[in-house]
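Trainee: Here's my sequence, what's the structure:
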Amino acid sequence: MKNFYLEKSLGIDIREKSVCLTLLGKTLYQVDVLASEHIVIQSIIKSDKKAESLFLEKVNRFIIEHDAWAENVIVSIPRSNITVQSFKLPSPDRKSVDSMMGFELERHFSSSLNNFYFYNHITTKKQNQYHIVCAAVNKEVAVNYLQLLKKLNLNASVLDVSTFANLNLLLVNGEHQDPLSVMVDISSDLIEILILINSNLEFSRTIPIKEPKFQEVFLNPENQSEEHKRISEQVAKTLVEEIKNTLASCRNIDNSKSVDTIYISGGGYLISHLALRVEQESGVQVIKLQSPKSINQTAQSNSAKAFMTTSLSLALRKLKKNPIEANLLPEDLTTTKKKKIDIKKTAGLALATVFFIIALMVNQNIQAKNTLISLDKQLEEIKTQMGPLEKVDLEYKTLQKYTKALNKIDELNPTKFSSLVELSQIIPSDTWLKKIRFKKKNIELNGISKNASQLIPMIEKSSHFQNTHFVGTIITESTGEKFTIKTAVGTKE
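Mentor: Modelled structure (predicted):
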């Protein structure tokens, strides 16, 4: 039985050379992972049309395959484009903090704030002391990624930061109990190191991974060679050394304090090896960041589990309350908030629907009984006129078989042949249909055309089809324009 989802949410974690997508569905009782996928891409630079086209094609395929046009779309872009600053701010009260933030941000960022989208996470440390974590991104960079998503008919409701997404997952899981800990996020070409003091982000730093073959083993689920082990050991040593350097850069940490736990997010297929090697090198307990136990992950692909930590946390943003509700987008760019579902009204409508279905079934049952009574009367008349009872019964059973066969044919889409004939007449010669899929009263067409935009009015003009529209975007290739069209079969009134 298919689950009914009150709300769906799509988390998109874009890195320099990959993107991970996780689609979640929320029922009354739980949150299900409906689909997840890790996709290798090229670095997206505004002027690189080839990289943009590859991104659009691969992400569009995932969206169409899993019907992933969700109500909520939460996105994070590569961490190298984000600036994260943390600092303490003395203030007489919380209201005064807001009035002081403009000056403080101008002081911590080299450029004018008019050039940035930013978010401030403010927590109270003690009386008259506040801890500020600010994340900012250049507007032009952010808009470039948002425009790409709009080409896929996806409007971002939240522009989050992978730093905050991973920290949310750690805090929601209730694992973080340490006065001083470190969280590390490892992608295929970048490492982010976070210093946490009493659950607050004290310092964030990113470093590139210079090991030439790291990305290859990062993406290889079966590589168990000596080279694989050598790279794991080298990266682990570098990571521990960089953690020490990062701790030394924090003014609020003296030599008397020691790290209790290191949490690791990401790591690809190297995560288990890296966690073990880092624990051996540092002598500190290492824990891999896990998705919440309340999430049902039965539909999730095994290959995506090694990459989906951040995208899962992003997708949870609109389905569960999070410690850090970061959104770099200003209010005028965020999508309109959806009204909360009234459970009482929903239950009332559901109950009314159930009664309607029961009444419909009872009515159909009564009609069926009346039909059977009428047939029985006709059969009795035939028996008296047609001879022996055995012969009449045999003919009656034969007629029943023919009737069932005809009904079966009628159920299996009787308009299929006429629809194909109609399509063969209206589709132009410069268009090739690669796949035609029938779904009840709908047809989905996949193909390539010299001019795909001309197809919608041609098909819609036919009396056999209605509600014709493109699914996803038109992808331009060397052979033509690749398209997916969906239309309903039925005679127009």
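Trainee: What mean pLDDT does stretch 133-153 get?
Mentor: The predicted model assigns stretch 133-153 a mean pLDDT of 91.
Trainee: ok, and for that stretch, which residues are buried?
Mentor: Using 16 or more other C-beta atoms under 10 Å as the test for burial, stretch 133-153 gives 133-137, 141-142, 144-146, 148-149, 151-152. No exception for glycine: its C-beta is placed from N, CA and C like everyone else's.
Trainee: Burial check on residue 294, number of neighbours?
Mentor: Neighbour count for residue 294, taken as other C-beta atoms under 10 Å: 12.
Trainee: Ramachandran coordinates for it?
Mentor: phi -70, psi -10 (degrees, to the nearest 10).
Trainee: Over to residue 423?
Mentor: Dihedral pair for residue 423: phi -60, psi -40, per degrees, to the nearest 10.
Trainee: residue ranges for the helices of the chain, please.
Mentor: Taking DSSP state H, the helices of the chain run over residues 49-66, 94-108, 139-150, 162-172, 214-218, 226-249, 271-282, 309-315, 343-386, 389-411, 416-426, 455-461.
Trainee: rewinding a little: among the buried residues of stretch 133-153, pick out the one closest to residue 42, please.
Mentor: residue 148 (12.8 Å; C-beta to C-beta).
Trainee: Would you check that that closest one makes contact with residue 58?
Mentor: No. Counting by C-beta atoms under 8 Å, residue 58 is not a contact partner of residue 148; they are 12.0 Å apart.
Trainee: Domain map for the protein?
Mentor: 1-81+143-173+290-341, 176-289, 343-410, 416-489 (automatic domain parsing).
Trainee: per-stretch mean pLDDT over the ones you listed, give me the minimum one.
Mentor: For the domains of the chain, mean pLDDT drops lowest on domain 343-410, to a mean of 66.
Trainee: Residue 451 touches residue 476, doesn't it?
Mentor: No. If you go by C-beta under 8 Å, residue 451 and residue 476 don't touch, sitting 11.2 Å apart.
Trainee: So which of those two has more stuff around it?
Mentor: The residue with more neighbours, out of residue 451 and residue 476, is residue 476; 14 against 11, by other C-beta under 10 Å.
Trainee: tell me the contacts of that one?
Mentor: 53, 482 (C-beta atoms under 8 Å, 6 or more residues apart in numbering).
Trainee: highest average neighbour count across the helices of the chain?
Mentor: With neighbours defined by mean count of other C-beta atoms under 10 Å, none of those is more surrounded on average than helix 309-315, at a mean of 30.
Trainee: what's that helix in contact with?
Mentor: Helix 309-315 is contacted by residues 9-13, 20-24, 33, 36, 72, 74-76, 158, 160, 162, 165-166, 168-169, 185, 265-266, 289, 291, 295 when judged by C-beta under 8 Å, 6+ apart.
Trainee: isn't residue 292 right up against residue 171?
Mentor: No. Residue 292 lies out of contact with residue 171 (C-beta under 8 Å); the separation is 11.1 Å.
Trainee: so what sits against both of those two?
Mentor: Joint contacts of residue 292 and residue 171 (C-beta under 8 Å, 6+ apart) do not exist.
Trainee: Residue 444 versus residue 155, what's the distance?
Mentor: As for residue 155, its distance to residue 444 is 24 Å (criterion: C-beta to C-beta, to the nearest Å).
Trainee: quick one: which of the helices of the chain is nearest residue 196?
Mentor: Of the helices of the chain, the one closest to residue 196 (C-beta to C-beta) turns out to be helix 162-172, at 7.8 Å.
Trainee: residues making contact with that closest one?
Mentor: Against helix 162-172 from outside (C-beta under 8 Å, 6+ apart): 13, 76, 79, 82, 84, 121, 135, 176, 183, 185, 192, 194, 196, 199, 201, 204, 263, 265, 289, 291-292, 309-310, 312-314, 316-317, 320, 322-324, 326.
Trainee: Which of those residues fall in strands?
Mentor: The strands, defined by DSSP state E, take in 13, 76, 82, 84, 121, 135, 183, 185, 192, 194, 196, 201, 204, 263, 265 from the contacts of helix 162-172.
Trainee: Top of those by number of neighbours, please.
Mentor: Highest neighbour count within those: residue 13, with 30 neighbours (other C-beta under 10 Å).
Trainee: wait, isn't it in contact with residue 38?
Mentor: No. Residue 13 is beyond contact range of residue 38, at 9.2 Å (criterion: C-beta under 8 Å).
Trainee: Mutual contacts of those two, please.
Mentor: Between them, residue 13 and residue 38 share the contacting residues 19, 20, 308, judged by C-beta under 8 Å, 6+ apart.
Trainee: ok, the second one - contacts?
Mentor: The one in question is residue 20. By C-beta under 8 Å, 6+ apart, residue 20 lies in contact with 12, 13, 36, 37, 38, 39, 304, 307, 308, 310, 311.
Trainee: closest to residue 229 among those?
Mentor: Taking the contacts of residue 20 together and measuring to residue 229 by C-beta to C-beta, the closest member is residue 307, at 21.3 Å.
Trainee: who are the neighbours in contact with residue 423?
Mentor: By C-beta under 8 Å, 6+ apart, the neighbours of residue 423 are 433, 436, 445, 459.
Trainee: ok, now how distant is it from residue 280?
Mentor: According to C-beta to C-beta, residue 423 and residue 280 sit 64 Å apart.
Trainee: now swap in residue 106 and tell me
Mentor: Plainly put, residue 106 is 45 Å away from residue 280 if you go by C-beta to C-beta.
Trainee: ok, now residue 120?
Mentor: In this structure, residue 120 and residue 280 are 39 Å apart, going by C-beta to C-beta.
Trainee: next one: residue 103
Mentor: 47 Å.
Trainee: likewise residue 244?
Mentor: The value you get for residue 244 to residue 280, if C-beta to C-beta is used, is 15 Å.
Trainee: and if you look at residue 273?
Mentor: Remark: distance between residue 273 and residue 280 (C-beta to C-beta) = 11 Å.
Trainee: Pairing partners for the closest residue to residue 261 other than its chain neighbours in the sheet, please.
Mentor: Nearest residue to residue 261 in three dimensions, chain neighbours excluded: residue 181, at 4.7 Å (C-beta to C-beta, 6 or more residues apart in numbering). Beta-bridge pairing for residue 181 (DSSP bridges): residue 196, residue 261.
Trainee: Any idea how many residues pack against residue 181?
Mentor: Close neighbours of residue 181, defined as other C-beta under 10 Å, add up to 23.
Trainee: My guess is it contacts residue 257. True?
Mentor: No. Here residue 181 lies out of contact with residue 257, judged by C-beta under 8 Å, at a distance of 10.9 Å.
Trainee: can you list residues touching both of these two?
Mentor: Residues touching both residue 181 and residue 257 (C-beta under 8 Å, 6+ apart): none.
Trainee: follow-up on the earlier one: out of the contacts of residue 20, which one sits closest to residue 253?
Mentor: Of all the contacts of residue 20, residue 253 sits closest to residue 310, with 26.1 Å by C-beta to C-beta.
Trainee: The nearest residue to that closest one once chain neighbours are set aside: what's it in contact with?
Mentor: Leaving aside its chain neighbours, residue 310 sits nearest to residue 13 (4.3 Å; criterion: C-beta to C-beta, 6+ apart). Residues near residue 13 by C-beta under 8 Å, 6+ apart: 19, 20, 21, 22, 76, 162, 165, 308, 310, 311, 314.
Trainee: And those residues, which is closest to residue 93?
Mentor: residue 165 (30.3 Å).
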